[in-house]
Structure formats: structure tokens, C-alpha cells
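Trainee: give me a model of this one.
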Amino acid sequence: MIPYGRQHITQADIDAVTEVLQSDFLTQGPAVPAFEKRLAEFTGAQHAIAVNSATSALHIACLALGVGIGSKVWTSPISFVASANCARYCGADIHFVDIDENTGNMAIDKLRKKLEHARHHDTLPNVVIPVHLSGASCDMAQIRFLASEFGFSIIEDASHAIGARYQDETVGNCRYSDITVFSFHPVKIITTAEGGMAMTNNTALADKMRLLRSHGISRDNKLMTEPSHGDWYYQQLQLGFNYRMTDIQAALGLSQSMRLVQMVQKRQLLAANYHQLLAHLPLRLPALDDENLSSWHLFIIRLNDKSKRKLVFDALRAAGIGVNVHYIPIHTQPYYQQLGFDWGDFPAAEDFYERIISLPMFPELSSEQQQYVADILQQALLT
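Mentor: Next up, the predicted model:
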């Protein structure tokens, strides 16, 4: 089976993890801050806060921005459910902005229209979470412009997009957002087995997220409500969580990050090859944009004839090609239907879902395997 995605582990990665296993620190040691420093330097952000998943990063990002009961958070319906769940964890109301069918990302014109309607009805969002589907950045400059006009904060869900570029700058630098979140799940660009990172240029937000990831506990004398009792003393200043990343995970992530540029370049070559192999087929390919370079976490095709999607999907799976679908629109999930959403609410997202298939995309994918995928896809489409 050719999987749709998989981790790429080298001997250097194994050695890095082994070194931690043989050290005095398995959980909170020097590898975590080293990994944070590496990604802060890579992206250009001032602060990096490592956590045990991107879901945790989204949660504490919302909390740091003051999201709570009565808050309103908007995100994309085409994403993993965590992009919306993070708001619900805080007790906030969630809503969605329909997508641009050409990119699968949040549509700027639909965002503006929804904001204008919300301003008229006094229901403007507190936070908007644009999602960089497949690793291609949303139009963040336009979203920041709207944030200035309508007064909302921005969390970039860049779970797919570490190593991507927007307007020739590194995604994650937080130029256009308050916080950016990365994911290090095994099928992502780099992995820590499970893990995530929140990036920000705001020191106050960084301090809040660091506190929240570790039970709300601090050993900082400046934050304590009374003089320290001694070197052992700490205080729980607020209700936090056990969202910390271990040194084992961070060592793997740090090692992987040293190959990040090369891995993204390989994905870009694979994407270009897919474009050549599939250009003649009755489907739409994801855009290639030299100004906004995707990191190509996913390669999503859209069939012209959506009635053939299941037939094509099943044919590829039967041929040993582990295709997938990213994503089932969040608002159609039973939990969100219980909140009042339903099919028909976001037609562009629903049409996108009904046409898409994610083809295999990972650094070790060979040109022969890509040719095999193209051959089976052609047979299925033309049957």
C-alpha cells in the first residue's frame, strides 16, 4: 500500500532520541527550549511555545486571547474538527466562513460579507481562525486588513504549513496574526510523533500560553502572590493543563527541523510532477503559486464529475494506493448539527468535499509510484 502520507525518519533522528533516552531528562529538559528556539529562528517569530499537539496549541491560543463563554470564533468548514473544537473547549460560540473553491481556504469576499452582516447585527467575532489547507497560506494580508477594520484577533491554523511561504516570507512569523499554530503529527511536514507549537510576537500572549500548558503553575517570583518559601516553591496562578511536550518529542522535532527546507523542496518537486502527470485528466489540480509557496502537506485533486468520486476512490484503494479525503465539512458532523448547523449551510465547502481526493504525498514517494498513481487514476476516471 502506498500511504497518502508518512513520516520520514533518519538515523540522525533515531540518534537524537536515543541521546535523550540516555540522558537525565525525558520530559522537561534542554531539548524543548532548543526546539522552540530553532523554530522561532526559522520563522522569525519572537516566541515559540511547544505543546503536546496542535489541538492543545489551538486551545491555549484561544484562552490566551480571552476566548470564553459568550465569545464568538469563526473558522473554515474545510479542516480537521480541532480548528473548531478549540473554541468549544472554551465555551465559545463557533461559526464558519465558506471557502474559495479554487484553494479550499477561507474566501476573503465571503469573510467580508459575513463580517458586514455581523456588524449590522452586533455579532462580530472575537477571533477568526483561517486554515492553511494542504500547506498553502490563506490571504493573510487581507484577513489582517479586515481584522483592523472589524476588530477581531487572528489565530493562523498552519498545522499543514510549516516551511511554506506567503508573500516571500516564512509562514509562522506572525506578521499578520496574533498567534500561529503548527502540527507535528506523523504525516505532517516534520514530526515529533505527536506535538504542536504556538508562535507569537506578543510577549504577554506567550507568557499566558506557557502558563496554560503546565497546569497554570509558575516558579517566577515576580508572578507570585507572596514571597517564595524556598527553591522548591511554586504557585498555581490559574487553571491550566498538562499540555507539555516531552524532551523525547522535542529531540525528534529538532532533528527533523534541520531537514525542513529540503523536505519541503522535495514535496514541491513531487507536486510539480503530479501536475505534469495529471494535467490531461478531467479534474482540477491545486494551484502552483511562485509567490506563495505551499509546503504541500497534501495534494488534493478535485474531480470534474463528482458522481465518480466513490468509484475513483475505491479503485485507487483497491490498487494499493492509500488515498484519503480532506476533509468532511465540520459543520456536517453530528456534534455541530446539534448546534444548529446542517448540510446546505456552506455550499462551496460541501461541493469541494464531494469532489476531492488526497493523493499520496510524502518525501520518499518515488517517481515510479507517482506514475502508478497517475495510471490507476486515469483508468478509473475514463472507465
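Trainee: residues near Arg119, how many?
Mentor: 13 (other CB atoms under 10 Å). All C-beta spots, glycine's among them, are computed from the backbone N, C-alpha and C.
Trainee: excluding chain neighbours, what is closest to it?
Mentor: Phe150 (6.5 Å; CB to CB, 6 or more residues apart in numbering).
Trainee: list the helices and strands the longest helix seen in the chain packs on?
Mentor: Ranked by number of residues, the top helix in the chain under DSSP state H is helix 260-278. If contacts are counted by 3 or more CB pairs under 8 Å, 6 or more residues apart in numbering; DSSP states H and E, helix 260-278 sits against strand 299-303, helix 367-382.
Trainee: most tightly surrounded among the ones you listed?
Mentor: The highest mean neighbour count among these, using mean count of other CB atoms under 10 Å, belongs to strand 299-303: a mean of 22.
Trainee: the residue positioned nearest the centre of the chain: what's it in contact with?
Mentor: The residue lying closest to the centre of the chain (CA atoms, centre = their mean) is Ser159, at 1.6 Å. By CB atoms under 8 Å, 6 or more residues apart in numbering, the residues touching Ser159 are Ala54, Phe80, Ala82, Val131, His132, Val181, Phe182, Ser183, His185, Lys188, Gly196.
Trainee: secondary structure class for it?
Mentor: Secondary structure of Ser159, reduced to three states by DSSP: H, G, I helix; E, B strand; the rest coil: coil.
Trainee: how close does it sit to Thr383?
Mentor: Separation of Ser159 from Thr383 (CB to CB, to the nearest Å) stands at 35 Å.
Trainee: what do you get for Glu226?
Mentor: Separation of Glu226 from Thr383 (CB to CB): 75 Å.
Trainee: same question, Leu39
Mentor: For Leu39 relative to Thr383 (CB to CB), the value is 46 Å.
Trainee: which one's more surrounded, these two?
Mentor: Comparing Leu39 with Thr383 by other CB under 10 Å, the one with more neighbours is Leu39, at 21 against 9.
Trainee: surely that one touches Leu260?
Mentor: No. Counting by CB atoms under 8 Å, Leu39 stays clear of Leu260, with 9.1 Å between them.
Trainee: give me the common contacts of the two.
Mentor: Here Leu39 and Leu260 have Ile162 as joint contacts, going by CB under 8 Å, 6+ apart.
Trainee: thought Trp296 was touching Leu270?
Mentor: Yes. With contact defined as CB under 8 Å, Trp296 and Leu270 form a contacting pair (6.9 Å).
Trainee: what do these two both touch?
Mentor: In contact with both Trp296 and Leu270: Met361, using CB under 8 Å, 6+ apart.
Trainee: quick one: which of the two has more around it?
Mentor: Of the pair Trp296 and Leu270, Trp296 is the one with more neighbours under other CB under 10 Å, namely 28 against 23.
Trainee: which stretches of the protein have low pLDDT?
Mentor: Counting by pLDDT under 70, the chain contains no low-confidence range.
Trainee: and stretch 229-242, end to end?
Mentor: Taking CA to CA, to the nearest Å, the first and last residues of stretch 229-242 lie 24 Å apart.
Trainee: what's that stretch in contact with?
Mentor: 52, 56, 59-60, 211-219, 223-225.
Trainee: list the buried residues of it.
Mentor: Going by neighbour count (16 or more other CB atoms under 10 Å), the buried part of stretch 229-242 is Gln235, Gly240, Phe241.
Trainee: any idea how far the closest residue to the second one other than its chain neighbours is from Ser83?
Mentor: The spatially closest residue to Gly240, leaving aside those adjacent along the chain, is Gly216, at 3.1 Å (CB to CB, 6+ apart). Remark: distance between Gly216 and Ser83 (CB to CB) = 25 Å.
Trainee: those two: which is more packed in?
Mentor: Set Gly216 next to Ser83 and count neighbours by other CB under 10 Å: Ser83 wins out with 27 against 15.
Trainee: quick one: contacts for that one?
Mentor: With contact taken as CB under 8 Å, 6+ apart, Ser83 is in contact with Leu58, Thr75, Ser76, Ile129, Val131, Asp157, Ile330.
Trainee: now neighbour count and distance to Arg302 too, for the residues you listed, in TSV please.
Mentor: Formatted as TSV, these follow (neighbours: other CB atoms under 10 Å; distance: CB to CB, whole Å):
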residue	neighbour count	distance to Arg302
Leu58	28	27
Thr75	27	21
Ser76	29	16
Ile129	28	24
Val131	28	17
Asp157	29	21
Ile330	24	19
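Trainee: out of the contacts of Ser159, list just those in strands.
Mentor: In this view, the contacts of Ser159 that belong to strands under DSSP state E are Val181, Phe182, Ser183, Gly196.
Trainee: select from those residues the one having the most neighbours.
Mentor: Neighbour max across the ones in strands among the contacts of Ser159 (other CB under 10 Å) = Val181, 33 neighbours.
Trainee: identify the bridge partners of it.
Mentor: Here Val181 sits in beta bridges with Asp157, Ala198, going by DSSP bridges.
Trainee: that one reaches Ala57, doesn't it?
Mentor: Yes. Contact status for Val181 versus Ala57: in contact at 4.4 Å, counting by CB under 8 Å.
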